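Engineer: sequence first, predicted model second:
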Amino acid sequence: MFFKLKSKNKAFTLIEILLMTSLLILIVLQIWNMQSKFLRIQDYDSKLIGLQNGVRNVVENMVQDINASIAFLNVSNDKMILARFKSAVNDDFIAVNGADVVFPYYMDQQPTSIFTPCLFVEYKLEGGGQIGLISQNGSNKNATIVRKVKEGQLKSEDTGGEDYILDTFSIHAGASDVGVPKVMAKKVSVFQLDYYGYDDQTGQLVTIGAFGDDKMAAAKAAMVAVHIAAEDPYADANLNKTPKMEIYTKIWSQKMVSENQYPQYFGHFDRDLKF
């Protein structure tokens, strides 16, 4: 009798069991939802950091290469090719200035050729089709920016322009690859390059198209405007925003800026060899 009374006082009814079970299920579901949301946010942050690292990596490497550049070899909007010194700029300037050269550059209607040991660096968008389509079509977000390096000699010539200034640059035969191409950034949706140079008459910065053909435009390039955007192509539908990193910046060629600011002084690559 005592046992039955005790059981009656301590036992749960079926309704109580159902209510407690429902409450427990709700608590478990809430914890699960909170954990899932936390994991999605963590995944978003991780992808965003990865995109940021890729875009910044491209820009930082471009700054180093352009600052050490001798000349641009093209003025394409979706690809950059430049010739740069191998080591510290000052050391290479000394080596180049001490080299034997024939001057004046252009004599008897024959261009003088000067060969400079250097690295040829290329930044190119790959795996995304045409740049115009990528810029307009947001669904194409799987392109990569690749950096390739060759080692060889830069062939510089004066083709007969005024003041005996080197105005044509090209890769001399025999350049060889240095290492393997390196992927600098992934999931790129926009890669746009715009070049600018100084007008000799006004000293104003103008678009590179004002200088005529591609070779002359590359020889005059002093600044590159870089626009890069990277976006995760597999965005989580449960989040309100997509991991995306976009940067627009200007990078100056220190050599070209110096030559345009102080043309009357010696000490610059092409005018240093002027007779």
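Structural biologist: Noted; the coordinates are in hand. Since this is a predicted model, take the numbers as computed values, not measurements.
Engineer: before we move on, what SS does the residue lying closest to residue 199 once chain neighbours are set aside have?
Structural biologist: Leaving aside its sequence neighbours, residue 199 sits nearest to residue 206 (Cβ to Cβ, 6 or more residues apart in numbering; 5.1 Å). No exception for glycine: its C-beta is placed from N, CA and C like everyone else's. With DSSP: H, G, I helix; E, B strand; the rest coil as the basis, residue 206 sits in strand.
Engineer: strands along the stretch 1-150 of the chain, start to end?
Structural biologist: 69-72, 79-84, 106-107, 110-111, 113-126, 143-157 (DSSP state E, counting those that start in this stretch).
Engineer: before we move on, back to that, the residue nearest to residue 199 and residue 197 touch, don't they?
Structural biologist: Yes - contact criterion Cβ atoms under 8 Å: residue 206 and residue 197 qualify, at 6.6 Å.
Engineer: who are the neighbours in contact with the most centrally placed residue in the chain?
Structural biologist: Most central in the chain under Cα atoms, centre = their mean is residue 58, positioned 3.4 Å from the mean C-alpha point. Listed by Cβ atoms under 8 Å, 6 or more residues apart in numbering, the contact set of residue 58 reads 123, 145, 147, 184-185, 226, 228.
Engineer: let's go with 10 Å and repeat that
Structural biologist: Applying Cβ atoms under 10 Å, 6 or more residues apart in numbering to residue 58 gives the contacts 123, 145-147, 184-185, 188, 191, 226, 228, 230, 247.
Engineer: look at it and report its pLDDT.
Structural biologist: If you check residue 58, the pLDDT there is 91.
Engineer: again with residue 156
Structural biologist: pLDDT recorded at residue 156 is 83.
Engineer: now the one 4 residues further on
Structural biologist: Predicted confidence (pLDDT) for residue 160: 65.
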